[in-house]
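Student: my questions are about this predicted structure, shown below with the sequence.
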Amino acid sequence: MFSVTHTDGGARRGILETAHGPVETPVFMPVGTQGAVKALTAQHLEEIGAGIILGNTYHLMLRPGDDLIARRGGLHKFIGWKKPILTDSGGYQVFSLAERRKIEETGVEFRSHLDGTAYLLTPERAVDIQANLGSDIAMVLDECPALPATAEVINRSLELTARWAKRCRDRFLERKTQETTGTGPLQFGIVQGGTFTELRQKSAELTVSIGFEGYAIGGLSVGEPNETMYDVVAETTPYLPVHQPRYLMGVGTPLDIVEAVARGVDMFDCVLPTRNARNGQLLTSEGPLNIKNSEYAEDDGPADPACSCYTCRNFSRAYLRHLYRAGEMTGGTLNTLHNLSFYLDTMRRIREAISFGRFEEFRQQFHQTFTRRALLS
RNA sequence: GGGGAGGUGGCGGAGCGGUCAAUCGCAACAGACUGUAAAUCUGUCGCCCCAGUGGCUACCAAGGUUCGAAUCCUUGCCUCCCCA
């Protein structure tokens, strides 16, 4: 299912087999919460070489509803995307929509942000919804506590997450026996534990003992310093099986990703490239650039001189700035196209570097070039 | 020719004797954004500085009333609307 083909220091290159084809890792997965990567079409995603995208259980169960999607033949068909889809369980929404929820042993009671209707999301229901969607990689329902938190709070939370994980796994296996042959859906467990090394270890051991096709590191990039996050990743991956994929949820900046790859992570997702694109921040080989700034008003150069994406091949910074300021949707599309291209490109370069045993060299060079802009200003 | 309304910071537009360097919106300028309730949010936005319960100049212009005027009076200039 997952094979590591190259290693270089702590970094690994591999291939993950899914029901909708193989995924080369390390991989970045664009986020398409509501069944769409905002501002893009599936065609765009194919053109920039996206290998797998995300969908979200919470959002899709509320609207349009997972049974409705099931009746349409599943999420892939519904959204016109033929490659793999990973679906998040709604665990993050448990965290981010805190005012509207109640966490109990059974599950989470949400009030819909759309119309206030109460929903009970149990671990079993989260599995069922993701099955309805036809997800290739389903995440277990977890609790993602806000940081900072005491060890006691984190411990209680991680234990709940582990009990939920077991219930998710049981449900998943129960459904699987009913299904036919071939590569079926995969299910990933989620390691919590905040910033406490012992608790990360404990959570990893509990989760791994249940047994999943892959393991996610959750509960990071929720406000802690970057170095702390790197340390936690480094202290968690040693407790995860070498021969299975590791997914750092919600991370991160290009530098975060390079650092996490160095610490043995294979998969990433983050709203940063898409959201920031819509908000006028372009990620380039020289670091972040705010296209809104007046200094680009008459800049005829491309967003990133080192980039060969559609946006950079055809349009100037001056034009992108104009589109942003004029509120033209095309600006969001072109910026998103570029930012995701930059991310996917970076991942390609990471994979190549690992293959050639030059990851460390790449990493150092990336640090220098990506931060150049910040250092100059 | 007759009747009416009005001129406020880049624009629109509040304020109608003190608590006004002047609400608010837009524009402008900058910042934030990490498993997306986000094409969103925040800050700055007269000039000066030792950056503060600091100084200066300000609400068409010029006079005046008043302890005090963007607010009241006079004159001038300029807009707009209605009827002929």
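Tutor: Received the coordinates, thanks.
Student: centroid-wise, who is the farthest residue in chain A?
Tutor: A:Glu298 (35.5 Å; CA atoms, centre = their mean).
Student: and the pLDDT at A:Ile103?
Tutor: For A:Ile103, the pLDDT comes out at 91.
Student: got the contact list for it?
Tutor: With contacts defined as CB atoms under 8 Å, 6 or more residues apart in numbering, A:Ile103 is in contact with A:94, A:109, A:143, A:160. The way it works is simple: take the backbone N, C-alpha and C, and place the C-beta from them, glycine included.
Student: ok, back up a step: what helix or strand is the residue farthest from the centre of chain A on?
Tutor: Following DSSP states H and E, there is no helix or strand that holds A:Glu298.
Student: by neighbours, which of the contacts of A:Ile103 wins?
Tutor: Counting neighbours by other CB atoms under 10 Å, the top entry in those is A:Val94, with 23 neighbours.
Student: isn't that residue up against A:Glu109?
Tutor: No - A:Val94 is beyond contact range of A:Glu109, at 10.0 Å (criterion: CB atoms under 8 Å).
Student: between those two, which contacts overlap?
Tutor: Common neighbours of A:Val94 and A:Glu109, counting by CB under 8 Å, 6+ apart, are A:101, A:103, A:121.
Student: circling back: for the residue farthest from the centre of chain A, which non-adjacent residue is spatially closest?
Tutor: Counting by CB to CB, 6 or more residues apart in numbering, A:Glu298 lies nearest to A:Ala318, which is 5.5 Å off, once chain neighbours are set aside.
Student: identify the residues contacting the one helix or strand the one you found maps to?
Tutor: Secondary structure from DSSP H and E places A:Ala318 in helix A:317-326. Outside helix A:317-326, the residues within contact range by CB under 8 Å, 6+ apart are A:280, A:282, A:289, A:291-293, A:296-303, A:311, A:330-331, A:334-335.
Student: which parts of the stretch 51-200 of chain A are strands?
Tutor: Using DSSP state E, counting those that start in this stretch, the strands found in the stretch 51-200 of chain A span residues A:53-56, A:85-88, A:101-103, A:108-111, A:118-121, A:137-139, A:186-191.
Student: could you do the stretch 251-377 of chain A as well?
Tutor: Using DSSP E, counting those that start in this stretch, the strands of the stretch 251-377 of chain A run over A:267-269, A:281-284, A:287-290.
Student: partner strands of the shortest one and their direction?
Tutor: By that I understand strand A:267-269. Strand partners for strand A:267-269, identified by DSSP bridges, are recorded as strand A:27-29 (parallel), strand A:246-248 (parallel).
Student: if we can go back for a sec, A:Gln365: which of the strands of the stretch 51-200 of chain A is closest?
Tutor: For the strands of the stretch 51-200 of chain A, distance to A:Gln365 was read as CB to CB. The smallest value, 28.7 Å, belongs to strand A:53-56.
Student: what does the average pLDDT come to for that closest one?
Tutor: So the average pLDDT for strand A:53-56 ends up being 98.
Student: now do the contacts for A:Leu272.
Tutor: A:Leu272 neighbours (CB under 8 Å, 6+ apart): A:252-253.
Student: at 10 Å instead, please
Tutor: Residues near A:Leu272 by CB atoms under 10 Å, 6 or more residues apart in numbering: A:31, A:221, A:250-254, A:256, A:281, A:283, A:288, A:339, A:343.
Student: also A:Arg351?
Tutor: Neighbour list for A:Arg351: A:5-6, A:11-14, A:24-27, A:261, A:359 [criterion: CB under 10 Å, 6+ apart].
Student: okay if I get those as a markdown table plus pLDDT and distance to RNA strand B?
Tutor: Shown next, in a markdown table, are these (pLDDT from 0 to 100; distance: CB to the nearest atom of the strand, whole Å):
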| residue | pLDDT | distance to RNA strand B |
| --- | --- | --- |
| A:Thr5 | 98 | 26 |
| A:His6 | 97 | 25 |
| A:Ala11 | 98 | 18 |
| A:Arg12 | 98 | 20 |
| A:Arg13 | 98 | 22 |
| A:Gly14 | 98 | 21 |
| A:Glu24 | 98 | 20 |
| A:Thr25 | 98 | 17 |
| A:Pro26 | 98 | 15 |
| A:Val27 | 98 | 14 |
| A:Val261 | 98 | 13 |
| A:Phe359 | 98 | 20 |
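Student: buried residues in the one helix or strand A:Glu205 maps to?
Tutor: Per DSSP H and E, A:Glu205 falls inside helix A:197-210. With burial defined by 16 or more other CB atoms under 10 Å, the residues of helix A:197-210 counted as buried are A:199-204, A:206-208, A:210.
Student: same deal with stretch A:120-128?
Tutor: Neighbour-count burial for stretch A:120-128 flags A:121-128 (criterion: 16+ other CB under 10 Å).
Student: of those, closest to A:Lys176?
Tutor: A:Val127 (10.3 Å).
Student: mind checking pLDDT for the closest one?
Tutor: 97.
Student: that one and A:Arg175, how far apart?
Tutor: Going from A:Val127 to A:Arg175 by CB to CB, to the nearest Å gives 7 Å.
Student: show me the common contact partners of those two, please.
Tutor: Common neighbours of A:Val127 and A:Arg175, using CB under 10 Å, 6+ apart, are A:185, A:187.
Student: now A:Cys312, nearest residue through space, not along the chain?
Tutor: A:Pro302 (4.0 Å).
Student: so which residues on the stretch 201-350 of chain A come close to RNA strand B?
Tutor: For the stretch 201-350 of chain A, the contact set with RNA strand B under CB under 7 Å from any atom of the strand comprises A:216, A:218-219, A:221-222, A:226, A:249-253, A:256, A:269-272, A:274-276, A:278-281, A:290, A:292-295, A:297, A:325, A:327, A:329, A:332.
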